[in-house]
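Visitor: Give me coordinates for this.
(chains A and B)
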Protein chains: 2
Amino acid sequence: MKQRALINAGLSFAGWVAVVGLWPSAASAQEASPSPTPTPTPALYSAQTLSELKQIQQAALKSDYGYKQVAHLCNNIGPRLTGSVQAQKAVDYVAGELKAIGLEVQLEKVTVPHWVRGEETAALVEFPGMAENTTQKIVLCALGLSVATPAEGLTADVVVIRDFDELEALGKEKVSGKIVLFNYHFDKQMAAQSRAGDAYGQAVKYRSEGPSAAGRLGAVAALIRSVGGADYRLPHTGATDYKKDLPKIPAGAVTAEDADLIATLVPQGNVRMRLVLTPQTLPDAPSFNVIGDVKGTEHPEQIVVISGHLDSWDLGTGAIDDGAGVAASMDAANVIQKLHFRPKRTIRVIAWMNEENGLMGGKTYAKDHEKEIANHFGVMETDGGAGHPLGINYATKPEGRAFFEPVAKILQSSGAGILQLAEHPGADIGPLTKLGVPGFSPIQDNRTYFNYHHTAADTLDKIVPKELAENAAVVAVTAYALANLEAPLPR
Amino acid sequence: MKQRALINAGLSFAGWVAVVGLWPSAASAQEASPSPTPTPTPALYSAQTLSELKQIQQAALKSDYGYKQVAHLCNNIGPRLTGSVQAQKAVDYVAGELKAIGLEVQLEKVTVPHWVRGEETAALVEFPGMAENTTQKIVLCALGLSVATPAEGLTADVVVIRDFDELEALGKEKVSGKIVLFNYHFDKQMAAQSRAGDAYGQAVKYRSEGPSAAGRLGAVAALIRSVGGADYRLPHTGATDYKKDLPKIPAGAVTAEDADLIATLVPQGNVRMRLVLTPQTLPDAPSFNVIGDVKGTEHPEQIVVISGHLDSWDLGTGAIDDGAGVAASMDAANVIQKLHFRPKRTIRVIAWMNEENGLMGGKTYAKDHEKEIANHFGVMETDGGAGHPLGINYATKPEGRAFFEPVAKILQSSGAGILQLAEHPGADIGPLTKLGVPGFSPIQDNRTYFNYHHTAADTLDKIVPKELAENAAVVAVTAYALANLEAPLPR
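Guide: A predicted model of the protein is given here:
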């Protein structure tokens, strides 16, 4: 493709849709009939930008800056649950680092929920074939935002269902007073075929909606089978979502093994469990999104966001969820800074607060920046781990694809040349993409992501430094391409 | 090979060594020169025995009896730590089952150690970069037989070494008063290449010997990196072995992730840990080996043992270690009983007690049956999980191999046709094999065995029913072959 410099400042959005509309169509026409007169197409990126993108890619692939950042977040600070001292320490740390690499940094206040995990133990105290005066330990964790049992726990019979239909079929009479276990299986085969997000989506609704559904029928507590692929007696937390007008009952996730055990025993006879979950919901607390800008030279008011979320769950140290996303975004900015390249639009790094149990960072930003939404040129989030990236998810109008083909061509050399139209590129950027801001994320290898995500095993060793650098390269190249794109994106 | 009936009752051992000596040599000679006159070889198995072995194999491959047994042990009884109520329940259960399938059952008393796990928590209370007033959780478990810390725990600086050489290099001055972490890595690549036993052997000596080595230099506690391949924040227990004349210090195993964390932080600055381990060592307790005989028709006094150990660690439910071994042995006996085949020698099922932390079952049996050692024709143990079996380990004199080639030929049809000379076929049968009794075990796929072994994740789902049946087939065929072998084994 011929490259030429093209400044588009004066072109209206509608005008560009028309111009750009020609471009992929012309390409298709060329494919269909072998020898037409080549149609001149508008250059989307200047020759200099394309050259700089290649340099950015190469520098990012060699960078270990991102890995050092996530290592510090995980090892030296630790879990960063919203509202915690560690989350605040992480805010200060990232702000300091972004300043150190020359960004204009600001903390934007976010009022966040403050939920704190407590004791979480369970045991079967009655089950078929048991030795007298024994119990069987059940490994579990509280779901985020769960209410507590009494401090001494509660004891009740257990009923097991597979899905909401089975719950409804049992009805109030058989559910009332019981502990309900939703034994819906995360689809490991789906995950193994790189559809882990779909597998997660299918199973996670029992975490979100199960406790209220069981509470509605009079259950005293709700447990789910851990959402994820691990078979290492590893519970998987995550927020539950109580419905406002229904009873709130304590909610936890048992491991896959413990769900299997209970599901095997219940048909054999009465199974009774003692359950202790003592989390606390404290008053809302002040916290921050960390924002660092590489100011644009031509359109400083136009903003390209690259981001990850700084808060994590509290069981592990939040390496793949989502220290990696913050680190890849920081690394991208650092690479551009070190190369002394000046983007035309502003590249804004955001380390979001409270993705996990409230999304207050993303919501507050969208509200606080309501008047600048039109100036948000594109927003990117990395929140799918640190696995080898295969390309770019783009949530634009379908015709947006053509804008990224030159970028994909560059990224192809590190195996990241796929372009994929996506619906939901990221949770924190969701409030912006819902308003029509084009959204982006790396397509990441997620085959084992949900084995570790939201568990105690989400730790630094799950990140392969080379793959994190590959993600930083995708973020850096995409961000710089968006910042220097010579046309507005369809929105 | 031609088969003929041959009763060897009158032949002396020396005579048989001579006769049998000819057999593999003759075979080798045949291979070397293509057309000699065939040398007559003694038949090791009657035609009827060979026919019965094939029927036993086929029936065992179809049997789900073993899986039902291990399911009951794991799910309905649970962890079976030596000295526990559950271990006694398991004794009674297995005795009842063996009676129900027609075996002559006896319980043989074993006096066992009685160690009970307590609280086990740890946290880094000082480390570089930490947020004020925070700690980092360290996931760990006590090693079996560990002494306790004070109830409120102990707090000390942590030193990390890789191996005994590094410990010695540090010396008393740098070790005294410290918590020592042995960060020796289990070799996952070795395990992936089916040398998991070797990988285990290399790493496990830090579990056995590390605490005393650190105690000798004045350490206040010793931790090891968990021995095993899991990267799921999963601690791995197992017995430590205090040296009598050295200080006994509390001993635990941290997960691989926690070992990595500590090993990363220590070079950055001071790392201090609070450690609580409150296990108790109670007075020795009475327990039992469970013994069930299928009486031999011709040589009832000659005994072929097939076995697994009934005790387990307490973190998981002891499915692969070693409910599977007990179940495969029970299944083998059941298959022979159901086919109404009568072995010439006695086939004895033994469910050993206390393999994990004392080996008192194996030791007591060898002592109590001291006068019958010569009548123990062969002893087999299955204690390597329930993975697909590849053949038979034989711990006899090397010339023993020839005796099993007809057996291997039958087992080959289910993929278990390898014969492998082994040194240590099993822990519980060790006291017998050390006295010269020929020992056997299935060769099992152990590539992932040490991911689960001795952890909370050693649960029923780790057993593939088909593979357990394959193991039962190897045990049943080997046992019946030994029982009907027309010659004594070289010993």
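
Visitor: residues near A:Gly171, how many?
Guide: Using other C-beta atoms under 10 Å in any protein chain shown, A:Gly171 has 11 other residues around it. Backbone N, C-alpha and C define where each C-beta goes, glycine included.

Visitor: Check what pLDDT it gets.
Guide: You'll see A:Gly171 listed with a pLDDT of 98.

Visitor: what about the residue nearest to it when sequence neighbours are not counted, how many neighbours?
Guide: Leaving out its chain neighbours, the residue that sits closest to A:Gly171 by C-beta to C-beta, 6 or more residues apart in numbering or on different chains is A:Leu217, at 6.9 Å. A:Leu217 has 19 neighbours, counted by other C-beta under 10 Å.

Visitor: what sits against the spatially most central residue of chain A?
Guide: Closest residue to the average C-alpha location of chain A: A:Asp383 at 3.3 Å, with C-alpha atoms, centre = their mean. A:Asp383 is in contact with A:308-309, A:321-322, A:325, A:355, A:426-428, A:441, counting by C-beta atoms under 8 Å, 6 or more residues apart in numbering or on different chains.

Visitor: switch to 7 Å and redo it
Guide: A:308-309, A:322, A:325, A:426-427 (C-beta atoms under 7 Å, 6 or more residues apart in numbering or on different chains).

Visitor: Now, those residues that are in strands?
Guide: Using DSSP state E, A:308-309 are the members of those that sit in strands.

Visitor: Now render the contacts of A:Asp383 as TSV, adding pLDDT and neighbour count.
Guide: Formatted as TSV, the contacts of A:Asp383 follow (pLDDT from 0 to 100; neighbours: other C-beta atoms under 10 Å in any protein chain shown):
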residue	pLDDT	neighbour count
A:Gly308	98	29
A:His309	98	30
A:Asp322	98	36
A:Gly325	98	35
A:Gly426	98	29
A:Ala427	98	17
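
Visitor: For the contacts of A:Asp383, could you give me JSON lines that also reports distance to B:Ala191?
Guide: JSON lines is the format used below for the contacts of A:Asp383 (distance: C-beta to C-beta, whole Å):
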{"residue": "A:Gly308", "distance to B:Ala191": "34"}
{"residue": "A:His309", "distance to B:Ala191": "36"}
{"residue": "A:Asp322", "distance to B:Ala191": "31"}
{"residue": "A:Gly325", "distance to B:Ala191": "32"}
{"residue": "A:Gly426", "distance to B:Ala191": "38"}
{"residue": "A:Ala427", "distance to B:Ala191": "38"}
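
Visitor: near chain B, from the contacts of A:Asp383?
Guide: Contacts with chain B within the contacts of A:Asp383, counted by C-beta under 7 Å from any C-beta of the partner chain: none were found.

Visitor: Pick the one among the contacts of A:Asp383 closest to B:Ala457.
Guide: Proximity of the contacts of A:Asp383 to B:Ala457 (C-beta to C-beta) peaks at A:Asp322, which lies at 26.2 Å.

Visitor: right, and the closest one touches A:Ser307 too?
Guide: No. Taking contacts as C-beta atoms under 7 Å, A:Asp322 lies outside contact range of A:Ser307: 9.4 Å.

Visitor: helix, strand or coil for the residue nearest to the centre of chain A?
Guide: coil (DSSP: H, G, I helix; E, B strand; the rest coil).

Visitor: Contact residues of the stretch 201-350 of chain A facing chain B?
Guide: The stretch 201-350 of chain A comes close to chain B at residues A:230-234, A:257, A:260-261, A:264-265, as judged by C-beta under 7 Å from any C-beta.

Visitor: try 8 Å this time
Guide: Contacts of the stretch 201-350 of chain A with chain B, taken as C-beta under 8 Å from any C-beta of the partner chain, map to A:230-234, A:256-257, A:260-261, A:264-265, A:268, A:316-317.

Visitor: Any chance of the residues you listed in JSON lines with secondary structure as columns?
Guide: Below are those laid out as JSON lines (three-state DSSP):
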{"residue": "A:Ala230", "secondary structure": "coil"}
{"residue": "A:Asp231", "secondary structure": "coil"}
{"residue": "A:Tyr232", "secondary structure": "coil"}
{"residue": "A:Arg233", "secondary structure": "coil"}
{"residue": "A:Leu234", "secondary structure": "coil"}
{"residue": "A:Ala256", "secondary structure": "helix"}
{"residue": "A:Glu257", "secondary structure": "helix"}
{"residue": "A:Asp260", "secondary structure": "helix"}
{"residue": "A:Leu261", "secondary structure": "helix"}
{"residue": "A:Thr264", "secondary structure": "helix"}
{"residue": "A:Leu265", "secondary structure": "helix"}
{"residue": "A:Gln268", "secondary structure": "helix"}
{"residue": "A:Gly316", "secondary structure": "coil"}
{"residue": "A:Thr317", "secondary structure": "coil"}
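
Visitor: List only buried entries from the residues you listed.
Guide: Listed as buried from these are A:230-234, A:256-257, A:260-261, A:264-265, A:316-317; burial here means 16 or more other C-beta atoms under 10 Å in any protein chain shown.

Visitor: before we move on, back to that, anything in contact with each of A:Asp322 and A:Ser307?
Guide: Listed as contacting both A:Asp322 and A:Ser307 by C-beta under 8 Å, 6+ apart are A:Thr382.

Visitor: quick revisit: out of the residues of the stretch 201-350 of chain A next to chain B, which one has the lowest pLDDT?
Guide: A:Ala230 (94).

Visitor: circling back to that earlier point, turn the residues of the stretch 201-350 of chain A next to chain B into a markdown table, columns for distance to A:Tyr242.
Guide: Shown next, in a markdown table, are these (distance: C-beta to C-beta, whole Å):
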| residue | distance to A:Tyr242 |
| --- | --- |
| A:Ala230 | 26 |
| A:Asp231 | 30 |
| A:Tyr232 | 29 |
| A:Arg233 | 28 |
| A:Leu234 | 25 |
| A:Ala256 | 24 |
| A:Glu257 | 27 |
| A:Asp260 | 27 |
| A:Leu261 | 27 |
| A:Thr264 | 30 |
| A:Leu265 | 29 |
| A:Gln268 | 33 |
| A:Gly316 | 25 |
| A:Thr317 | 28 |
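
Visitor: of those, closest to B:Val464?
Guide: Of these, the one sitting nearest to B:Val464 (C-beta to C-beta) turns out to be A:Asp231, at 12.4 Å.

Visitor: what sits against A:His388?
Guide: Going by C-beta under 8 Å, 6+ apart, A:His388 touches A:415, A:444-445, A:464, A:467, A:470.

Visitor: How confident is the prediction for it, by pLDDT?
Guide: Here, the pLDDT recorded for A:His388 equals 98.

Visitor: Now it, what are its backbone angles?
Guide: Backbone geometry at A:His388, expressed as degrees, to the nearest 10, gives phi -40, psi 130.

Visitor: and stretch A:288-298, how far from the chain's centre?
Guide: Distance of stretch A:288-298 from its chain centroid, counting by C-alpha atoms, centre = their mean, to the nearest Å, is 21 Å.

Visitor: helices and strands around the biggest strand by length in chain A, which ones?
Guide: When chain A is parsed with DSSP E, its longest strand is strand A:280-294. Where contact means 3 or more C-beta pairs under 8 Å, 6 or more residues apart in numbering or on different chains; DSSP states H and E, strand A:280-294 is packed against helix A:85-100, strand A:104-116, helix A:324-338, strand A:345-352, helix A:360-368.

Visitor: Can you give me the neighbour number for A:Ser208?
Guide: A:Ser208 has 17 neighbours, counted by other C-beta under 10 Å.
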